[in-house]
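Participant: Pasting a predicted model and its sequence here:
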Amino acid sequence: MPKLTVNGVEVEVEDGSTVLHACEEAGVEIPRFCYHDRLSIAGNCRMCLVDMERAPKPVASCAMPAGEGMVIRTDTDRVKKAREGVMEFLLINHPLDCPICDQGGECDLQDQAMGYGFDSSRYEENKRAVEDKHMGPLISTTMTRCIHCTRCVRFATEVAGVPELGAIGRGENMEITTYLEKTLASELSANVIDLCPVGALTSKPYAFAARPWELSKTESVDVMDAVGSNIRVDARGAQVMRVLPRLNEDINEEWISDKTRYAIDGLRRQRLDRPYIRGRDGKLSPASWDEAFTVIAAKMKKAKPAAIAAITGDQCDAESMFALKTLFDKLGSGSIDCRQDGTKIGGARAGYLFNSTIAGIDEADALLIIGSNPRTEAAVLNARIRRNWLSTRMPVGVVGPEMDLTYDAENLGDDPAILADILSGKSKFAAKLKRAKRPMIIIGMGALARNDGGAILGQAHAIADAYGVVAGDWNGFNVLHNAASRVAGLDLGLTPGRGGLDVDGIYKAASADKLDLVWLHAADEIEEAMFEKTFVVYQGHHGDRGAHVADVILPGAAYTEKDGIYLNTEGRVQYAARATFPPGEAREDWTIIRALAGRLGINLGFDTIDELRGAMFELVPHFADRDEIKPARWAKFGSKTKMTSDAVGTAVETFHMTCAISRASETMGQCLMALQADAARDAAE
């Protein structure tokens, strides 16, 4: 580890560090535009110049490796003059349109111009003008502002794995562009907006909507997938204006998916803001809470416990699921299920967790993916797999359809029998798993949400045992969920009790008119036709599929409108905070269930959120451990039944529309249409 002196302070840095890292270790802030911790070094902007002893001229600290005995100065007149010169050059062609720029108030160029800029320009020539580029419905471009830092180019190529951005031309004719003038085909594309240090790339849906100082900022958790990306929700009044990533090295680092960032306009559309009751004419009519509860209570009191069932959705918070489970336990019904896609998991925690943790992907040296497309199901997690592959070229095998994962992967076929070949050693990929010291398996809902999902899970368990996927301090057996609520639901026991029905059983019983009431708790990924003969109560926030079949609608709160606990796919406990209030007469979900229980004369044992959480922590103690993961013991799970010959698929076909919120989002619809148009054009050519 080299030792060097920065402004008279001796510091020691890790091998491979740069002079810029050493300066930061010494507590000295170095201005920069092109350098970014998670991207390769470009050395374009020269803003990070420092003086190095015996060097004839200032050196770029971002590109200079830290060496033993170096003496660095950052506060000399020569350094100050050099940085001022660089700033003057950067501003030669910059339009200086800060008052109308969406980057205003959070712009690196603004901030650093305060320290190194002048109050006037010495240049009288006309400024260079650059034509704006088309990058799709998410990214607004004003390329005259571009300073050619190439952060966007490096992100698209290195992190997103979509090399569709680059530079053309030389000198003053250089331009950053998408080569074929089409939408960036990446689920992470909008992260270039955060990376851009000037206002060249800004958010198109957010254009001219608000200034940063007008917004209230709330730290929360994303529920668009099961990764649990840490986010910041910026709201003005009752409206969510934008969602930005929050740094968490163990989960999403500093990236979020486009759906996480832009599906929020769906929070304003097709919202349920009052209770509804379906009349004898078959139409839904507005009602009061009292009227809605009266109808439901009358139905529940007449029904036998075995004739009542509940299905919970993919974005429910743990508190509301616990309240619903408590109510159904009091009613004596065991027909409750959080697996609305029919996934064959439950029981041993190791059989439904991402056991290696998301950060553990960095340690894997071989990967087998079964029935999953991480690129569409967990885009941020897929970027971590790509980073590992870039640095180690680890072998990746896929059991499932052909797909572009942004890294080289060997497609082993989509026949479930391939798993038996891997287990027996007949498959060539088996040798790669055997050579690996830390092999990893990722199994997705495309494999588990089948009728033979239990058998596939059992076969994956056998492969893990045979190839050392679980050994010592390493557990590389991972289940990749799509639903933000799934792990919490399984931990809370929202699976059928003794004599209870699972989702498939509820469908069959409902279609046979054997159920008196089905409670859909924000469950929108359902087969609507199955509930035509059954009385349905829908509790949720959007007028989506579940609301279409409902006889009574109880308006709930979306994830930005309530405090809630969520467990991501690795079982990490995360607390989301309320950024806005629900619209109209909508209420937080647990309070709705508590109020109905009171109407039924049932004491749930809690009246406040703190009392509810206290009762929940007694049942599942690790829910109280914020931002912690309780490791699962390796155990038996899955079944040994026969697998069918049906092809293994993936769970998410359309990345942009997977839930009630994203389906209501106009922005997500525009993204989908833009990509379809590009695909059609490419096919025609």
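Facilitator: On my side now, so go ahead.

Participant: Please make it C-alpha for all contacts and neighbour counts, starting now.
Facilitator: Noted.

Participant: Parallel or antiparallel, list what pairs with the host helix or strand of Ala235.
Facilitator: Using DSSP states H and E, Ala235 maps to strand 230-236. Under the criterion DSSP bridges, strand 230-236 sits next to strand 216-221 (antiparallel), strand 239-245 (antiparallel) in its sheet.

Participant: could you give me the average pLDDT of the shortest one?
Facilitator: To tie it back to what came earlier, the one meant is strand 216-221. Throughout strand 216-221, pLDDT has a mean value of 97.

Participant: when you give positions from now on, start the count at 23
Facilitator: From this message on, residue numbering opens at 23, which makes the last subject strand 238-243.

Participant: Buried ones in that strand, by neighbour count?
Facilitator: 238-243 (16 or more other Cα atoms under 10 Å).

Participant: Can you add distance to His678 and give these back as a markdown table?
Facilitator: Listed next are the buried residues of strand 238-243 as a markdown table, based on distance: Cα to Cα, whole Å:
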| residue | distance to His678 |
| --- | --- |
| Ser238 | 27 |
| Lys239 | 25 |
| Thr240 | 24 |
| Glu241 | 24 |
| Ser242 | 21 |
| Val243 | 19 |
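
Participant: Out of those residues, the closest to His570 would be?
Facilitator: Val243 (28.4 Å; Cα to Cα).

Participant: Which residues are in contact with that closest one?
Facilitator: Neighbouring residues of Val243 by Cα atoms under 8 Å, 6 or more residues apart in numbering: 250-254, 588, 596-599.

Participant: need the longest helix for this structure.
Facilitator: In the chain, assigned by DSSP state H, the helix with the most residues is helix 688-706.

Participant: For that helix, which helices and strands make contact with it?
Facilitator: helix 280-284 (3 or more Cα pairs under 8 Å, 6 or more residues apart in numbering; DSSP states H and E).

Participant: tell me how far the helix it packs on is from the chain's mean position?
Facilitator: Remark: helix 280-284 is offset 8 Å from the chain centroid, using Cα atoms, centre = their mean, to the nearest Å.

Participant: which residues in the stretch 573-707 of the chain form strands?
Facilitator: With DSSP state E, counting those that start in this stretch as the criterion, the stretch 573-707 of the chain has strands at 574-577, 586-589, 595-598.

Participant: Just say which of these is most tucked in.
Facilitator: strand 574-577 (a mean of 30; mean count of other Cα atoms under 10 Å).

Participant: Quick one: distance of it to the chain centre.
Facilitator: When C-alpha coordinates are averaged (Cα atoms, centre = their mean), strand 574-577 and its chain have centres 28 Å apart.

Participant: Could you export that strand as CSV, keeping only the C-alpha atoms?
Facilitator: Extracted C-alpha coordinates of strand 574-577, given in CSV (Å, rounded to 0.1, in the frame of the first residue of the first chain):
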residue,chain,number,x,y,z
VAL,A,574,-66.9,-4.0,-3.4
ILE,A,575,-63.8,-1.8,-3.9
LEU,A,576,-61.9,-0.5,-0.9
PRO,A,577,-59.4,2.2,-2.0
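
Participant: which residues touch it?
Facilitator: 294-300, 314, 318, 558-563, 569, 607-609, 614.

Participant: thinking again about what came up before, now pLDDT and distance to Ser307 too, for the contacts of Val243, in JSON lines please.
Facilitator: Formatted as JSON lines, the contacts of Val243 follow (pLDDT from 0 to 100; distance: Cα to Cα, whole Å):
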{"residue": "Gly250", "pLDDT": "96", "distance to Ser307": "37"}
{"residue": "Ser251", "pLDDT": "97", "distance to Ser307": "38"}
{"residue": "Asn252", "pLDDT": "97", "distance to Ser307": "39"}
{"residue": "Ile253", "pLDDT": "97", "distance to Ser307": "37"}
{"residue": "Arg254", "pLDDT": "97", "distance to Ser307": "37"}
{"residue": "Tyr588", "pLDDT": "97", "distance to Ser307": "33"}
{"residue": "Gln596", "pLDDT": "97", "distance to Ser307": "38"}
{"residue": "Tyr597", "pLDDT": "97", "distance to Ser307": "36"}
{"residue": "Ala598", "pLDDT": "96", "distance to Ser307": "33"}
{"residue": "Ala599", "pLDDT": "96", "distance to Ser307": "32"}
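
Participant: Which two of these have the greatest separation?
Facilitator: Arg254 and Tyr588 (15.7 Å).

Participant: Which parts of the stretch 173-322 of the chain are helices?
Facilitator: Remark: helices assigned in the stretch 173-322 of the chain by DSSP state H, counting those that start in this stretch are 173-176, 213-217, 280-284, 311-324.

Participant: The ones you listed into a markdown table, with extra columns for distance to Thr334, mean pLDDT and mean neighbour count?
Facilitator: What follows is the helices of the stretch 173-322 of the chain, written out as a markdown table (distance: least, Cα to Cα, whole Å; pLDDT from 0 to 100; neighbours: other Cα atoms under 10 Å):
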| stretch | distance to Thr334 | mean pLDDT | mean neighbour count |
| --- | --- | --- | --- |
| helix 173-176 | 40 | 95 | 23 |
| helix 213-217 | 32 | 96 | 20 |
| helix 280-284 | 21 | 97 | 23 |
| helix 311-324 | 18 | 96 | 16 |
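
Participant: Go through those and name the closest to Leu434.
Facilitator: helix 280-284 (29.8 Å).

Participant: For that closest one, which helices and strands make contact with it?
Facilitator: So helix 280-284, by 3+ Cα pairs under 8 Å, 6+ apart, packs with strand 261-267, helix 688-706.
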